[in-house]
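> Need coordinates for the below:
(chains A and B)
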Amino acid sequence: MKTQTPLNFVIVGHVDHGKSTLIGRLLYDTNSLAPDKLAEVKKISAEHGRETEFAFLLDHLEEERKQGITIDTTQVFFKTQKRRYVIIDAPGHVEFVKNMITGASQAEAAVLIVDAVEGVKEQTKRHSYMLSMLGLKQVVVVINKMDLVDFAQERFNEVCSDIENFLDSINIKPNYYIPISGIKGDNIANKSLNMDWYKGLTFMQSLDELKNNPANIEKDLILPVQDVYKIDDKRINVGRIEAGKIKTGDAIKILPSNQETAIKSVEKFLEETDEATSGECIGFTTQDSVFLDRGDIICRSGAEPVVTNRFRANMFWMSRKSFSIEQKLIIRCATQEIRCKVETIEKRINSSSLELVEENSDKLENLEVGEVVIKTKKPIAIKKFSQVQELGRFVMILNENIVAGGIITELD
Amino acid sequence: MSRSFDHLDKLENQSIFIIREAYSQFRDVALLWSIGKDSTTLMWLARKAFFGKIPFPVLHIDTTYKFKEIYDFRDKYAKEWGLNLIVAKNEDAVASGMGPDKSKFECCNQMKTIALKQAIAREKFKALLLGIRRDEHGIRAKERVFSPRDEDFEWDYKDQPPELWDQYKTKAAEEEHLRVHPLLGWREVDIWDYVKRENIPVPELYFAKNGKRFRSIGCECCCGPVESDADTIDKIVQELKTTQISERSGRAQDKEDDYMMQKLRSLGYM
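Residues are numbered from 1 along each chain as shown, chains lettered A, B, ... in the order given. Below you'll find the model as predicted:
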């Protein structure tokens, strides 16, 4: 029996614009709530002196419930008649942007929620920018709390126009704009009776139109070596195919050493196989005895990623301690891990307003984006993010913590 | 590949990637095996990741209150799969007669969390593989794949490290260890679909006898069966598709206090 792959989508937006409530409403309207869970939420809502608060379904930490905010990202499952979904809830508070990024980086699509009363706010913009940086192309914009603006079309159009202008400037073209009320249920699962002027899809119908990310099978082979095991005197190299496919006998090239050999065997436990494709974690041996190591990139001769020690990137700093250009970092791109430094910070940008803070700077503050040139100590195999995301994105490590994420924009 | 890549393949590959990542970064790893369906599935995936030979110990925290079937199952498969099994108990608490009649919270804390703490200190593990899933409990849904615990075992859930693009926090300071959660994205029904597809052995307690079965297995004294006639995996999957009762409804530690799970977890509970 085949089980269908669910669609992962993240809900982002400014604090209190109604993310958790929208999720609660979706679960409720699709009958995805166990009665004991619903009873628990009713009981806890009463204890906090509130009417049934759907947000408590997701905001499970004691602090989250007492303060009525989401601190960390969480995931829940639900299904429509068409398919299954994983909803990723992301906190809207500025303090928890790194948690929002953690959630959003696992999504295939995003729902951007905007409060009809408050309109576009700081995190609305910052989260949108993060979506564009993470390469999320499918976006549904929902204008929430329409009940608080008397379901007025004028207000809907006004807010839509504000957000559209901003999204346009960062190259996001939303698939839909939908007026909703999460708390009352308008245009969530059922068409609103209060907004005759809206002729488009309900929120749930819009989700059903979104697509799963296509596999990278048609692209050139990229197989980063994750580890090497010695099993019964046999050296087995392991890794996950990030793009393309391989089969026994295929000629391969190893970066950065440029050695060439061929695949001798494709290894999977309890399986006889001689080929594998993108997304599979495999073991493999080579025809010549080459000594591979973690961080080597297997590719095909003539279709190699670029091997360089200098490239241009957009880097998002997400650590409370600001970054100073003298600091040495470690870059991680797929399984490659290399010492590096930031050579220049050409632009320092406010990730919400997108305003230029400083040109040719020597630092980045928390939540700022830098257009930077990075120089690595040893050669690194990369692609532009727009070509192959898996080899065009990286994180930076400082003192053993992930402090930044980035995408490669230009190869040197 | 002869068959198309489906949902279970995707989950399987993601889990194998995480298991290999943990071993690659730490080497001093242990797999925490409660002998239930989830950690047995995790074991199966680890066997796949390492071509049948798991290169690190498998740790069973024995509260001494487990079902006989669980002990029998453990010993049978530890032998069959050639596992390096370490059984750990909090001997002092056992000797002092600790039990759920004293306090459920204290019993869980002493017999599981403290026993685990002792084992980690003794064996110097830097990373532990655990079979927890997001859909089990709202608190577990907040977890990272690689989740640091400090020397007091505390989980700093208010300030978790960022995790993106399968890049994890994989370095631990001297006194820390990392909890690694390869099954976080699996649902209960995925586990059963996979158990069936792969023919993974699981304890008989999961299958209905006399109209009752266990959906989640803990200590004999603190977990109750649910009403069920599901005596095969197919019937269990069918039951899960229609049931309105949540998985851990029979588990005492989820119920006693709204935040008991959070309090237990912040002290280092699994």
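
> the strands in the stretch 51-200 of chain B, which residues?
With DSSP state E, counting those that start in this stretch as the criterion, the stretch 51-200 of chain B has strands at B:58-61, B:85-88, B:127-129, B:146-149, B:177-180.

> Quick one, grab the pLDDT at the residue positioned nearest the centre of chain A.
With the centre of chain A defined as its mean C-alpha position, the nearest residue by CA atoms, centre = their mean is A:Ser105, 1.6 Å away. A:Ser105 is assigned 88 on the pLDDT scale.

> Stretch A:219-236 - what's its average pLDDT?
Per-residue scores along stretch A:219-236 average to 94.

> export it as CSV, just CAs?
Extracted C-alpha coordinates of stretch A:219-236, given in CSV (Å, rounded to 0.1, in the frame of the first residue of the first chain):
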residue,chain,number,x,y,z
LYS,A,219,19.7,17.3,-12.1
ASP,A,220,23.5,16.4,-12.3
LEU,A,221,24.7,14.0,-9.6
ILE,A,222,25.6,15.4,-6.2
LEU,A,223,26.5,12.9,-3.5
PRO,A,224,28.2,14.4,-0.5
VAL,A,225,30.1,11.7,1.5
GLN,A,226,28.7,11.6,5.0
ASP,A,227,31.0,8.9,6.5
VAL,A,228,33.1,5.9,5.8
TYR,A,229,32.4,2.5,7.5
LYS,A,230,34.6,-0.5,7.7
ILE,A,231,32.3,-3.5,7.6
ASP,A,232,33.7,-7.0,7.4
ASP,A,233,37.0,-5.7,6.0
LYS,A,234,35.1,-3.8,3.3
ARG,A,235,35.2,0.0,3.2
ILE,A,236,31.7,1.3,2.6
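
> can you give me the helices in chain B?
Applying DSSP state H to chain B gives helices spanning B:7-26, B:37-49, B:68-80, B:91-95, B:104-108, B:115-123, B:188-198, B:233-242, B:260-266.

> before we move on, the earlier item: can you tell which of the strands of the stretch 51-200 of chain B is closest to chain A?
Closest approach to chain A among the strands of the stretch 51-200 of chain B (CB to the nearest CB): strand B:146-149, 9.7 Å. (Glycine included, C-beta is placed from N, CA and C.)

> can you tell me if the closest one touches chain A.
No - applying CB under 8 Å from any CB of the partner chain, one finds strand B:146-149 separated from chain A by no less than 9.7 Å.

> chain center to that strand: distance?
Strand B:146-149 sits 15 Å away from the centroid of its parent chain (CA atoms, centre = their mean, to the nearest Å).

> hmm, who's touching it?
B:22, B:127, B:155-156, B:160-161, B:163, B:168-170, B:172, B:176-181, B:268 (CB atoms under 8 Å, 6 or more residues apart in numbering or on different chains).

> what sits against A:Lys19?
A:Ile11, A:Val12, A:Gly13, A:Thr70, A:Asp89, A:Ala90, A:Gly92, A:Ile113.

> Report the spatially nearest residue to it, omitting neighbours in sequence.
A:Ile11 (4.6 Å; CB to CB, 6 or more residues apart in numbering or on different chains).

> in which helix or strand would I find the one you found?
strand A:7-13 (DSSP states H and E).

> helix or strand right after that strand?
helix A:19-29.

> Can you classify A:Val228 as helix, strand or coil?
strand (DSSP: H, G, I helix; E, B strand; the rest coil).

> Verify the stated contact: A:Val41 with A:Glu53.
Yes - if you go by CB atoms under 8 Å, A:Val41 and A:Glu53 touch, sitting 7.1 Å apart.

> what's the pLDDT at the residue in chain B that chain A sits nearest to?
As assessed by CB to the nearest CB, chain A sits closest to B:Gly138 within chain B, at 3.3 Å. Looking at B:Gly138, its pLDDT is 76.

> My guess is it contacts A:Leu58. True?
Yes - B:Gly138 lies in contact with A:Leu58 (CB under 8 Å); the separation is 7.0 Å.

> Settle it for me: which of the two has more neighbours?
It is A:Leu58, of B:Gly138 and A:Leu58, that has more neighbours when counted by other CB atoms under 10 Å in any protein chain shown, with 25 against 22.

> list the contacts for the more buried one?
So A:Leu58 contacts A:Ser20, A:Ile23, A:Gly24, A:Thr70, A:Thr74, A:Val76, A:Asp89, B:Gly138, B:Ala141 (CB under 8 Å, 6+ apart).

> domains in chain A, as residue ranges please.
Using automatic domain parsing, the domain parsing of chain A gives A:7-208, A:223-299, A:306-411.

> lowest-confidence stretch among the helices of chain B?
helix B:260-266 (a mean of 72).

> helices and strands around that one, which ones?
helix B:104-108 (3 or more CB pairs under 8 Å, 6 or more residues apart in numbering or on different chains; DSSP states H and E).

> shaky segments in the stretch 51-200 of chain A?
By pLDDT under 70, the low-scoring segments of the stretch 51-200 of chain A are A:52, A:60-73.

> in it, which spans are strands?
Using DSSP E, counting those that start in this stretch, strands in the stretch 51-200 of chain A cover A:74-79, A:84-89, A:109-115, A:138-144, A:176-179.

> circling back to that earlier point, quick check: of the contacts of A:Lys19, which lies closest to A:Ser32?
A:Asp89 (14.1 Å; CB to CB).

> Tell me who's in contact with the residue nearest to A:Met204 when sequence neighbours are not counted.
Spatial nearest neighbour of A:Met204, chain neighbours left out: A:Ala189 (5.0 Å); criterion: CB to CB, 6+ apart. With CB under 8 Å, 6+ apart as the criterion, the residues that contact A:Ala189 are A:Leu26, A:Asp29, A:Thr30, A:Thr202, A:Phe203, A:Met204.

> next one: phi and psi at residue 137?
Since no chain was named, I'll use chain A. Note on A:Lys137: backbone dihedrals following degrees, to the nearest 10 are phi -100, psi -30.

> To clarify, I was referring to chain B.
Taking degrees, to the nearest 10 as the convention, B:His137 sits at phi -160, psi 140.

> Is it in contact with B:Met261, as I believe?
Yes - the pair B:His137 and B:Met261 passes the contact test of CB under 8 Å, sitting 5.8 Å apart.

> check whether stretch B:51-69 contacts chain A.
Yes - residues of stretch B:51-69 are located near chain A by CB under 8 Å from any CB, namely B:Phe51, B:Gly52, B:Lys53, B:Pro55.

> Check the contacts of A:Leu58 and tell me the two furthest apart.
A:Gly24 and B:Ala141 (13.9 Å).

> So for the two, which sits in the more crowded spot?
A:Gly24 (26 against 20).

> In space, what's closest to the more buried one - neighbours in sequence excluded?
A:Phe54 (2.0 Å).

> okay but the one you found is in contact with A:Asp29, surely?
No - counting by CB under 8 Å, A:Asp29 is not a contact partner of A:Phe54; they are 10.5 Å apart.

> Compare the two and say which is more crowded by neighbours.
Ranked by neighbour count (other CB under 10 Å), A:Phe54 and A:Asp29 place A:Phe54 first, with 23 against 18.

> residue contacts, that one?
A:Phe54 neighbours (CB under 8 Å, 6+ apart): A:Ser20, A:Thr21, A:Ile23, A:Gly24, A:Arg25, A:Leu27, A:Tyr28, A:Val41, A:Gly182.

> before we move on, back to that, would you mind putting the strands of the stretch 51-200 of chain B into JSON lines with mean neighbour count and mean pLDDT alongside?
Compiled in JSON lines, the strands of the stretch 51-200 of chain B are given as follows (neighbours: other CB atoms under 10 Å in any protein chain shown; pLDDT from 0 to 100):
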{"stretch": "strand B:58-61", "mean neighbour count": "23", "mean pLDDT": "95"}
{"stretch": "strand B:85-88", "mean neighbour count": "16", "mean pLDDT": "95"}
{"stretch": "strand B:127-129", "mean neighbour count": "25", "mean pLDDT": "95"}
{"stretch": "strand B:146-149", "mean neighbour count": "22", "mean pLDDT": "89"}
{"stretch": "strand B:177-180", "mean neighbour count": "25", "mean pLDDT": "91"}
